[in-house]
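Participant: can't give you the sequence, but here's the structure:
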């Protein structure tokens, strides 16, 4: 597991430590975690059944990393949240929401607080990549992030 720090800023009153499992190198490049792309299922070509193998890979990585974090006394009482995709859930098929399901499953299996549905996207935002531009509508992410988050 790798770490990074988000420095204190006008939104954060202190530095925040972040964690991630692996670097994203580029789709279908050697060593890239392509299971992430598969679980996004942007082309909507795969069913939930087609994504079981990628779901298991994601859930296993998440479970191992979350267990490691939960051993830290400061992290043992954590709530695990996911950041929503660029559009509200109603714009996606269930087979396109498999990553969040993998996170939720891992969190529940370990017994941590499950906040995977705590943050809801209510407005469309553009994706930060150029794939399928015909469906890339909504506010730019920077403008959207300036709105107040209500939980």
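Facilitator: Received it, and whenever you're ready, just let me know what you need. Computed from a prediction, not measured in an experiment: that's the story for all the values here.
Participant: Average pLDDT for the longest helix that the chain contains, rounded please.
Facilitator: Determined from DSSP state H, the single longest helix within the chain is helix 52-70. Helix 52-70 carries an average pLDDT of 95.
Participant: Now find how far off-centre that helix is within its chain.
Facilitator: Its chain's C-alpha centre and that of helix 52-70 lie 13 Å apart, by C-alpha atoms, centre = their mean, to the nearest Å.
Participant: Touching that helix from outside, list them.
Facilitator: Helix 52-70 has contacts (C-beta atoms under 8 Å, 6 or more residues apart in numbering) with 1, 19, 21-22, 35-36, 38-39, 75-76, 78, 80, 98-99, 101-103, 105-107, 109-110, 112. To be clear about C-beta, it is placed using only N, CA and C from the backbone, and glycine gets the same treatment.
Participant: So how do I select the buried members of those in PyMOL?
Facilitator: Here is the PyMOL selection string for the buried members of those, based on 16 or more other C-beta atoms under 10 Å:
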select buried, resi 35+36+38+39+80+98+99+101+102+103+105+106+107+112
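Participant: so where do the helices sit in this structure?
Facilitator: 34-40, 52-70, 98-110, 141-145.
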